[in-house]
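Turn this into a structure:
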Amino acid sequence: MTFETAIRNPERYRDILSVLKEFEGTVLNDSNLLDILYYLYQTGIVSSQSYNFDTATEYASKQYIKKINSTRNSDGGFPKGYQSRFWTYVRTLCELGFVYASYNENLLISNIAKSLIEGDIDEQTAFSTQSVIYNRRSPYRNVLNDFNYFRFIIEVLKELWKLGRELSYEQFIVSLFSKTGSVTDFIEVLNSNHFGDSNEAYNYLKNNYSFITKINTVTKDYPDVVLRLLRITGFVSIRYTGKTYIRLNSDNTNYIEKIFAHCYTFTKEEKEDGKQFFLKFNIYSNLIISDKKIKYIEDPNDYKNKLEQIIKEHNIDKERIDDLIDNLVKESSIKGFKDEFKYVPEPIRLEFFLTILLHIFYGDNFTISPNYKSDSLGYPISQAPGGKGDIEIFSDSIYWLVEVTLLRNKNQQLNNETSNVIRHMQQNDKTSYLSLVAPIIHEDTKNYFDTQIIMFLMNRKSIVNIKTFSILEFKMAIQNKDALKIISTYTKEIIEKAKSTIN
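Alright, predicted model coming up:
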């Protein structure tokens, strides 16, 4: 069981799909493929450390893209070069029925992909729906394994759950090599063998399967990508106690039962033809999404207890959360915490850490309510559904919305973190606050929010206190417990400056 390792964080697929949507219906010829790649690089969705796409011309940028991808071999029916680079970004999307992308054919986007792009559904809903339909044998894999791996591994976890057991990461590695998807056979393998570490799992696989693949690929690269995809479905929780263990997300056993209640099959022709496969996938996903009985339901009142349990289990105090945030800002590894938080999706990791920070410093006086979806252990699964802000903070007298992003690219920040953020503000009688927190705040972003202070005053006839913060500025304001004062003082200064200018 493998997926494309070029995308290690499934949350990035939403941004990639948003770009592909702009090219829906266009023929994927050399010219259009180059346009798509340029768009991906220029918006920062695909990064390049050694080239500045903001300052370079479009022509120069495209020549650079051609050059750095010139040695890539042909793949997926796409020619050698930048064309096959495009395939690395869409192969998994094709396998999961989000898009149909074939060289010199029209690009097709599924309805569920459009719903994800528009924010009508979140990543958890989209990926859980597609994984229920998924089939290992398809136009994108030349394999004999003809079953749904996701259904197989969930049935394994359900059987282990009945026995009071979990699946270790090493056992998970072995599960990826099932040829038939037989739960009974795999449980027998677990009962008959001891997989104490990745070396033991690798040796077992070498002795029982015919393959020549590097140990790092077998025990780290492929399992890691598959587990990240599995985690974003909301089907599982991942627990770390010196070793990594996988178990059912017990908060949503009802959702799991309902979404797996039906089997979705493909004909032989559909498993061999990419367009037929895509069209059938689209029919199935439309049926699931339209079924109002299949919903992922969370109890928001339970989150405080889960958060405190996470803090206790990982010994997170004021100093440690400070280090976690600092290391995240530096884009370095999280020393001492890498395994615990490895599977927290990158776009939500900052939001998760700031929620912990806010709980530690403000939890006694305010209700801290993050809107990301979480599992039975309290770890984030996917970002807040459309229409909701990131972190909401309440008391009897104030409402405070904190929007969080790791975006550094100016265009992405302006496109994704401005008007959308303003729409999340609730109309209420409490004193209102709004903060945008990012690694760096571009001047254009700051100016936009400064303008919104005046717009809120004109439209609501009341003040909404607004201020943007870099991550480090926000962290210091929370630690000093003067964030609200800083926001309100800044807002008054902007209003006074506007009055002075008008006068």
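
Need phi/psi at residue 246.
Dihedral angles of residue 246 (phi, psi; degrees, to the nearest 10) stand at phi -120, psi 140.

Tell me how many other residues crowd the nearest residue to it once chain neighbours are set aside.
Spatial nearest neighbour of residue 246, excluding adjacent residues (C-beta to C-beta, 6 or more residues apart in numbering): residue 167 at 4.5 Å. All C-beta spots, glycine's among them, are computed from the backbone N, C-alpha and C. Using other C-beta atoms under 10 Å, residue 167 is surrounded by 21 other residues.

Look up how far residue 184 lies from residue 167.
For residue 167, the distance to residue 184 equals 16 Å [C-beta to C-beta, to the nearest Å].

Just the C-alphas of the longest helix seen in the chain, formatted as PDB.
Criterion DSSP state H: the longest helix present in the chain is helix 483-502. C-alpha atoms of helix 483-502 as PDB (Å, rounded to 0.1, in the frame of the first residue of the first chain):
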ATOM      1  CA  ALA A 483      -2.900  40.900  24.800                       C
ATOM      2  CA  LEU A 484      -6.400  42.400  25.100                       C
ATOM      3  CA  LYS A 485      -5.000  45.700  26.400                       C
ATOM      4  CA  ILE A 486      -2.500  45.800  23.500                       C
ATOM      5  CA  ILE A 487      -5.300  45.200  20.900                       C
ATOM      6  CA  SER A 488      -7.700  47.800  22.300                       C
ATOM      7  CA  THR A 489      -4.900  50.400  22.700                       C
ATOM      8  CA  TYR A 490      -3.800  49.800  19.100                       C
ATOM      9  CA  THR A 491      -7.400  50.100  17.800                       C
ATOM     10  CA  LYS A 492      -8.000  53.400  19.600                       C
ATOM     11  CA  GLU A 493      -4.800  54.700  18.000                       C
ATOM     12  CA  ILE A 494      -6.000  53.800  14.500                       C
ATOM     13  CA  ILE A 495      -9.400  55.400  15.100                       C
ATOM     14  CA  GLU A 496      -7.800  58.600  16.500                       C
ATOM     15  CA  LYS A 497      -5.400  58.700  13.500                       C
ATOM     16  CA  ALA A 498      -8.300  58.400  11.100                       C
ATOM     17  CA  LYS A 499     -10.200  61.200  12.900                       C
ATOM     18  CA  SER A 500      -7.100  63.400  12.800                       C
ATOM     19  CA  THR A 501      -6.600  62.800   9.100                       C
ATOM     20  CA  ILE A 502     -10.300  63.600   8.300                       C
END
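
Please spell out which residues along it are buried.
483, 484, 486, 487, 488, 490, 491, 494 (16 or more other C-beta atoms under 10 Å).

next one: stretch 277-287
Buried, per 16+ other C-beta under 10 Å, within stretch 277-287: 277, 278, 280, 281, 282, 284, 285.

So for that stretch, mean pLDDT?
Regarding stretch 277-287, the rounded mean pLDDT is 97.

Identify the residues contacting that stretch?
Outside stretch 277-287, the residues that touch it by C-beta atoms under 8 Å, 6 or more residues apart in numbering are 94, 96-97, 99-100, 108, 110-112, 129-130, 133, 138-139, 264, 266, 270-271.

which residues touch residue 202?
The contact partners of residue 202, taken as C-beta under 8 Å, 6+ apart, are 173, 215, 218, 219.

Of those, which pair is most distant in space?
173 and 215 (10.5 Å; C-beta to C-beta).

Common neighbours of the two, please.
Residues touching both residue 173 and residue 215 (C-beta under 8 Å, 6+ apart) are 198, 202.

I'd like the distance from stretch 343-350 to the chain centre, please.
7 Å (C-alpha atoms, centre = their mean, to the nearest Å).

then that stretch to CSV, C-alphas only?
Extracted C-alpha coordinates of stretch 343-350, given in CSV (Å, rounded to 0.1, in the frame of the first residue of the first chain):
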residue,chain,number,x,y,z
TYR,A,343,1.0,13.5,13.1
VAL,A,344,-0.7,16.7,14.1
PRO,A,345,-1.3,18.2,10.6
GLU,A,346,1.2,21.0,9.9
PRO,A,347,-1.4,23.7,9.1
ILE,A,348,-3.0,23.1,12.5
ARG,A,349,0.1,22.6,14.5
LEU,A,350,0.5,26.3,15.3
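
Just say helix, strand or coil for the closest residue to residue 460 other than its chain neighbours.
Leaving aside its sequence neighbours, residue 460 sits nearest to residue 427 (C-beta to C-beta, 6+ apart; 7.4 Å). Classification of residue 427 using DSSP: H, G, I helix; E, B strand; the rest coil returns coil.

quick one, phi psi at residue 427?
The phi/psi pair for residue 427 (degrees, to the nearest 10) is phi -90, psi 110.

Count the neighbours of it for me.
Neighbourhood size, residue 427 [other C-beta under 10 Å]: 9.

Would you mind measuring from it to residue 492?
Distance, residue 427 to residue 492, by C-beta to C-beta: 21 Å.

Ok, residue 48 next?
From residue 48 across to residue 492, the span is 42 Å (C-beta to C-beta).

domain assignment for this protein?
1-119+266-292, 149-263, 300-502 (automatic domain parsing).

And the shortest one, end to end?
Counting by C-alpha to C-alpha, to the nearest Å, the length from the leading to the trailing residue of domain 149-263 is 13 Å.

OK, contacts around residue 350?
Per C-beta under 8 Å, 6+ apart, neighbours of residue 350: 325, 328, 404, 405, 406, 437, 471.

Which helix or which strand is home to the first one?
It refers to residue 325. helix 318-329 (DSSP states H and E).

avg pLDDT for that helix?
Here the average pLDDT along helix 318-329 is 89.

Show me what it is in contact with.
314, 316, 333-335, 337, 341, 349-350, 353-354, 356-357, 360-361, 439, 471-472, 475, 479.

Try it again at 6 Å.
Contacts with helix 318-329, where a contact means C-beta atoms under 6 Å, 6 or more residues apart in numbering, come from 334, 350, 353, 356, 357, 471, 475.

in the helix or strand that the third one is a member of, what counts as buried?
The reference is to residue 353. Assigned by DSSP H and E, residue 353 belongs to helix 346-362. Buried positions in helix 346-362, judged by neighbour count with 16+ other C-beta under 10 Å: 347-362.

same question, stretch 404-418
Buried residues in stretch 404-418, defined by neighbour count with 16+ other C-beta under 10 Å: 404, 405, 406, 407, 409, 413, 416, 417, 418.

Any buried residues in stretch 362-370, and which?
362, 363, 366, 368, 369, 370.

any chance of those residues in TSV, with pLDDT and distance to residue 252 too?
Below are the buried residues of stretch 362-370 laid out as TSV (pLDDT from 0 to 100; distance: C-beta to C-beta, whole Å):
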residue	pLDDT	distance to residue 252
362	94	29
363	91	26
366	93	28
368	93	23
369	91	19
370	91	18
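
Export the residues you listed to JSON lines and append columns for distance to residue 234.
JSON lines is the format used below for the buried residues of stretch 362-370 (distance: C-beta to C-beta, whole Å):
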{"residue": "362", "distance to residue 234": "28"}
{"residue": "363", "distance to residue 234": "26"}
{"residue": "366", "distance to residue 234": "28"}
{"residue": "368", "distance to residue 234": "22"}
{"residue": "369", "distance to residue 234": "19"}
{"residue": "370", "distance to residue 234": "16"}
